[in-house]
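> just coords:
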């Protein structure tokens, strides 16, 4: 029996989360910061949910070859309807070759994972150039309506997590918002 705790949202939660894009600037601010930091054209969105961020990235940069990864196949019909390429599976064993994507990003994923370090190691394995992660800044459990936050991050803890995996940290800053402050960390792989 598999003892891995689920961290994915069901289809109703995904659609409810999409409504938040209409009411809160935090989601738009996260997306804009990710879009402007993507390098290359082959991109992976880890924890893509309903695919709304993938669609926006493709809309504003039609040259992107963007793929998604999600832990649960519950939104498969939605992805198909939206014409999105999304794989499902285990975030600790991503179904991609080494250096497959130039940029790999996640937004509000790491705080839900039992072992975010292992997920970042997988991101590093499949990224050829850049890794971008966004997490809530501090404890925002009262604003979370999905799977529980298992980790609380601040700028120092998220930087140390990426530094310990031997990533070159390009930038680490707070995205301020009245609803929820976020931290974005932008890293590149170190080559010896």
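Great, that's in hand. Treat the numbers as computed from the prediction; the structure is a model and nothing was measured.
> give me the number of residues near the residue nearest to residue 164 when sequence neighbours are not counted?
Distances taken as Cβ to Cβ, 6 or more residues apart in numbering put residue 117 closest to residue 164, at 7.3 Å, once the chain neighbours are dropped. C-betas here are computed from N, CA, C, even on glycine. The tally of other residues near residue 117 (other Cβ atoms under 10 Å) stands at 12.
> any idea how far residue 125 is from residue 117?
Residue 117 is 13 Å from residue 125, where distance means Cβ to Cβ, to the nearest Å.
> quick one: pLDDT of the residue nearest to residue 164?
You'll see residue 117 listed with a pLDDT of 98.
> what about the helices in this structure?
With DSSP state H as the criterion, the chain has helices at 11-23, 25-37, 52-60, 76-82, 116-126, 155-163.
> Any chance of those in TSV with distance to residue 135 as columns?
Below are these laid out as TSV (distance: least, Cβ to Cβ, whole Å):
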stretch	distance to residue 135
helix 11-23	16
helix 25-37	10
helix 52-60	15
helix 76-82	24
helix 116-126	9
helix 155-163	6
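> Could you say which one of these comes nearest to residue 177?
helix 25-37 (4.3 Å; Cβ to Cβ).
> quick one, the closest one and helix 52-60 angle?
Relative orientation of helix 25-37 versus helix 52-60 (axes from the mean of the first three to the mean of the last three Cα atoms, to 10 degrees): 50 degrees.
> pLDDT averaged over helix 25-37, what's the number?
On average, helix 25-37 scores 90.
> Now do it: which elements does it pack against?
Contacts defined by 3 or more Cβ pairs under 8 Å, 6 or more residues apart in numbering; DSSP states H and E place helix 25-37 against helix 11-23, helix 52-60, strand 101-107, strand 127-136, strand 167-175, strand 182-189.
> residues touching the residue nearest in space to the middle of the chain, list them.
Centroid-nearest residue in the chain, with Cα atoms, centre = their mean: residue 106, separated by 1.2 Å. Neighbour list for residue 106: 45-47, 119, 123, 132-134 [criterion: Cβ atoms under 8 Å, 6 or more residues apart in numbering].
> Next, format those residues as CSV and append neighbour count and distance to residue 102.
Conversion of the contacts of residue 106 to CSV gives the following (neighbours: other Cβ atoms under 10 Å; distance: Cβ to Cβ, whole Å):
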residue, neighbour count, distance to residue 102
45, 26, 13
46, 24, 14
47, 22, 19
119, 22, 19
123, 28, 13
132, 25, 11
133, 28, 16
134, 25, 18
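> Dump the residues you listed into CSV; add distance to residue 33 as well.
Converted to CSV, the contacts of residue 106 look like this (distance: Cβ to Cβ, whole Å):
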residue, distance to residue 33
45, 14
46, 16
47, 16
119, 20
123, 17
132, 8
133, 11
134, 7
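> Nearest to residue 28 among those residues?
Of all these, residue 28 sits closest to residue 134, with 12.3 Å by Cβ to Cβ.
> I figured that closest one was touching residue 34, is that so?
Yes. Shown here, residue 134 and residue 34 form a contact pair, counting by Cβ atoms under 8 Å, at 7.0 Å.
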